[in-house]
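J.: 3D, please:
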Amino acid sequence: MAEINTASSPGKGRGTVRRKVHSTRVDMTPMVDLGFLLITFFMLTTTLAKPKTMDMVMPRDDGDSSKLADSKALTIMLGQKNQIAWYEGIGNDPQHPPQIKYASFATREGIGDVIRAKRRQVIEHFGKNDLMVLIKADDNANYKNVVDLMDELLINNVVRYAMMDITPEEKGYLH
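T.: Numbering: from 1, shown residues only. As a prediction, this is how the structure comes out:
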């Protein structure tokens with residue numbers, strides 16, 4: 001690794017004692033090898049890591065839609081600055097406007113608790129997991145919030161959900 005060069009000068013006088021000059025030299029070959037190994041490792045691991053995508057089932061375009069009972073539906077609206085508003089049902093009856101409630105992505109008393117409570121209610125009433133979550137995101141909503149909401153649906157075993165356009169009335173519910 002390191003070697004010491006000793007330079008001896010040809011002596012002119014035999015009786016004089018000269019001090020030997022020592023120069024040190026560090027071999028950098030192992031350091032360079034380690035650098036190339038690290039570069040190779042990081043290049044391989046970044047090319048092997050594929051971006052993960054989320055599968056989303058979209059409805060067919062044939063126009064055939066099935067009716068959804070209000071008691072099986074939960075509508076969640078996402079707005080700007082991490083706003084979440086929700087109500088039970090579809091909300092298309094003008095004589096009975098929905099009761100808007102607000103939530104957050106908090107662990108306790110957040111949107112996850114709302115989804116779990118509604119799911120339990122649907123299972124108790126209908127005997128199976130028929131909960132349908134309608135996701136309505138405002139134009140100013142964060143993409144991260146949509147993904148976080150879909151993660152909550154996956155965690156809570158909600159298999160039926162739909163992305164829908166938000167109405168102007170529903171935009172008014174989001175401050």
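
J.: what's across from Ala103 in the sheet?
T.: For Ala103, the beta-bridge partners are Ile84 (DSSP bridges).

J.: give me every residue that touches it.
T.: Ala103 is in contact with Ile84, Ala85, Trp86, Glu109, Gly110, Ile111, Val114, counting by CB atoms under 8 Å, 6 or more residues apart in numbering. Using the backbone N, CA and C atoms, a C-beta is placed for each residue, glycine as well.

J.: tell me which element the last one falls in.
T.: In this structure, Val114 sits in helix 111-126 according to DSSP states H and E.

J.: give me the buried positions along that helix.
T.: The neighbour-count check on helix 111-126 (16 or more other CB atoms under 10 Å) flags Ile111, Gly112, Val114, Ile115, Lys118, Arg119, Val122 as buried.

J.: what about the closest residue to Trp86 other than its chain neighbours, neighbour count?
T.: Of all residues not flanking Trp86 in the chain, Ile76 sits nearest, at 4.7 Å (CB to CB, 6 or more residues apart in numbering). By other CB atoms under 10 Å, 21 other residues sit near Ile76.

J.: any idea how far Lys52 is from Asp151?
T.: According to CB to CB, to the nearest Å, Lys52 and Asp151 sit 12 Å apart.

J.: equivalent analysis for Ile135, please.
T.: Ile135 is 12 Å from Asp151, by CB to CB.

J.: quick one: secondary structure of Asp139?
T.: coil (DSSP: H, G, I helix; E, B strand; the rest coil).

J.: the helix or strand of the chain with the lowest mean pLDDT: what's the following helix or strand?
T.: For the chain, counting by mean pLDDT, DSSP states H and E, strand 2-7 ranks last in confidence among helices and strands (a mean of 61). Where DSSP H and E defines the elements, the next helix or strand beyond strand 2-7 is strand 21-26.
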